[in-house]
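> missing the sequence, but the structure's below:
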Ligand SMILES: Nc1ncnc2c1ncn2[C@@H]1O[C@H](COP(=O)(O)OP(=O)(O)O)[C@@H](O)[C@H]1O
Ligand SMILES: [Mg+2]
């Protein structure tokens, strides 16, 4: 019988997981470095420590009945060890490990016939100096495409870890952005996408699955900025996205929620990457779906039946609140936001800092244009 849930990470995702777990009667403990983290503020117990620390992970596992995570850049090896010892860890530490390496992830998808952008690892040991590296990248431009994208295999998020290598790029600018360790880099074809999509999918411990309607995601400066459902795409591509969501879930072990990020081109859907956790592109489900992604994850890992993913409104939009200034949060304009129809602001209990995700706003309504417009209006009214 599961009564206590342990979460590696206590940021906004851990906070919203806590808020979903509490009404079902679960106690939550999070492992997080900074004191009074967003999850602790809403009643989770907090073990203070580094997310990588094997001793702290053990402490979390011993204090709870199931361990899960809100972030993928954690110690997958230590979680594998705990699982081997008989601790309940969800979803799967081995899947987490595979996904942590973006290039290995691409190969996993490709070898299972899930469409992805063509990619290639850079030579791991490149001792021949800058001239050889320059030549290598030039050859790439000629052979692959005029422009391509260089990505960090590990540790990237919110675009940190990506570098678009164009005609005027230099070895130096690339290495300034991504570091000089070429064994941590790989190159990928730039996808000429019309839009980006995401599918949130869940599997429970019995193997039952539930998939949410695809959403359109809009990134600004590589950070997910807006999420809209329904997406403005050809119905055939919409069906492809749903199907790819189902097929991708089959490759991922363990119970929990996963997000599958995709590109939609003029005639195809291609997977960009998988997040083995609740995701920014599913925040709208708190109000817009019968079961939020956070409750779904809690249900999935505790052996409860999965909930309906049906949407409660014909359309929904979610817009992130990114910090604007290095100052205490003001929330000026919130009264005007709350006057808008079916508009739901969420603050994560974080201080403001430029480009930091400190909250989001979800709007439900009758159609895509309406909810998008109201969400944008709400965001403009707020000063944070
Ligand atoms: N191969 C690609 N072609 C075109 N755009 C890309 C490609 N890979 C990433 N991007 C853009 O960069 C964003 C962030 O890249 P992603 O690989 O998802 O990194 P992160 O881990 O930071 O989310 C994507 O959402 C997309 O907008
Ligand atoms: Mg991404």
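Nice, I can see it. Only a predicted model underlies this, so the values are computations on that prediction, with no experimental measurement involved. Ligands and ions are numbered 1, 2, ... in the order given.
> Do a quick rundown of the strands in the stretch 1-150 of the chain.
Using DSSP state E, counting those that start in this stretch, the strands of the stretch 1-150 of the chain run over 4-8, 27-32, 45-48, 66-69, 119-121, 148-152.
> Highest mean neighbour count out of those strands?
The highest mean neighbour count among those, using mean count of other CB atoms under 10 Å, belongs to strand 66-69: a mean of 27. Yep, even glycine has a C-beta here, placed from its N, CA and C like the rest.
> got the contact list for the nearest residue to residue 261 once chain neighbours are set aside?
Spatially, and ignoring its direct neighbours in sequence, residue 261 is nearest to residue 272 (4.3 Å; CB to CB, 6 or more residues apart in numbering). Each residue near residue 272 by CB atoms under 8 Å, 6 or more residues apart in numbering is listed here: 116, 117, 191, 196, 261, 262, 263.
> now residue 4
Going by CB under 8 Å, 6+ apart, residue 4 touches 26, 27, 28, 29, 63, 64, 65, 66.
> swap in residue 40?
Applying CB under 8 Å, 6+ apart, the residues contacting residue 40 are 10, 30, 32, 46.
> give me that answer again for 10 Å
Applying CB atoms under 10 Å, 6 or more residues apart in numbering to residue 40 gives the contacts 10, 14-15, 18, 28-30, 32, 34, 46-48, 349.
> And residue 344, by the same measure?
Contact analysis of residue 344 by CB under 10 Å, 6+ apart lists 283-284, 286-288, 316, 318, 337-338, 360-364, 378.
> Kindly report the same for residue 316.
213, 215, 227-230, 283-285, 287-289, 342, 344, 362-365, 368, 371-372, 375.
> What sits closest to the residue of the chain found nearest ligand 1 if chain neighbours are left out?
Residue of the chain nearest ligand 1, by CB to the nearest ligand atom: residue 191 (3.8 Å). Nearest residue to residue 191, sequence neighbours excluded (CB to CB, 6+ apart): residue 263, at 4.6 Å.
> And the most centrally placed residue in the chain, how far from residue 227?
Centroid-nearest residue in the chain: residue 279, 4.0 Å away (criterion: CA atoms, centre = their mean). Distance, residue 279 to residue 227, by CB to CB, to the nearest Å: 10 Å.
> got it, and residue 3?
Distance, residue 3 to residue 227, by CB to CB: 33 Å.
> Show me which of the two is the more surrounded one.
Shown here are residue 3 and residue 227; by other CB atoms under 10 Å, residue 227 has more neighbours (28 against 11).
> Kindly state the beta-bridge partners for residue 200.
residue 259 (DSSP bridges).
> who touches it in this structure?
Neighbour list for residue 200: 210-215, 245, 257-260, 275, 278-279, 281-285, 289, 293, 296-297, 309 [criterion: CB under 10 Å, 6+ apart].
> again, but for residue 189
116, 117, 118, 119, 120, 144, 145, 147, 148, 149, 270.
> pLDDT below threshold where in the stretch 1-150 of the chain?
124-128, 142-145 (pLDDT under 70).
> Residues of it that sit close to ligand 1?
Residues of the stretch 1-150 of the chain lying near ligand 1 by CB under 6 Å from any ligand atom: 117, 149.
> quick revisit: what about the residue nearest to residue 191, distance to residue 269?
The value you get for residue 263 to residue 269, if CB to CB is used, is 7 Å.
> Next secondary structure element downstream of the helix or strand containing residue 360?
Residue 360 belongs to strand 357-365 when assigned by DSSP states H and E. Next in sequence after strand 357-365, counting helices and strands by DSSP H and E, comes helix 368-381.
> tell me what that next one is packed against?
If contacts are counted by 3 or more CB pairs under 10 Å, 6 or more residues apart in numbering; DSSP states H and E, helix 368-381 sits against strand 215-220, strand 223-229, strand 315-322, helix 334-338, strand 343-347, strand 357-365.
> Buried residues, that helix. List them.
For helix 368-381, the neighbour count (16 or more other CB atoms under 10 Å) marks 368, 370, 371, 372, 374, 375, 377, 378, 379, 381 as buried.
> hmm, back to that, please identify which pair of the contacts of residue 189 lies farthest apart.
Put simply, by CB to CB the two of the contacts of residue 189 set farthest apart are 116 and 147, 17.8 Å from each other.
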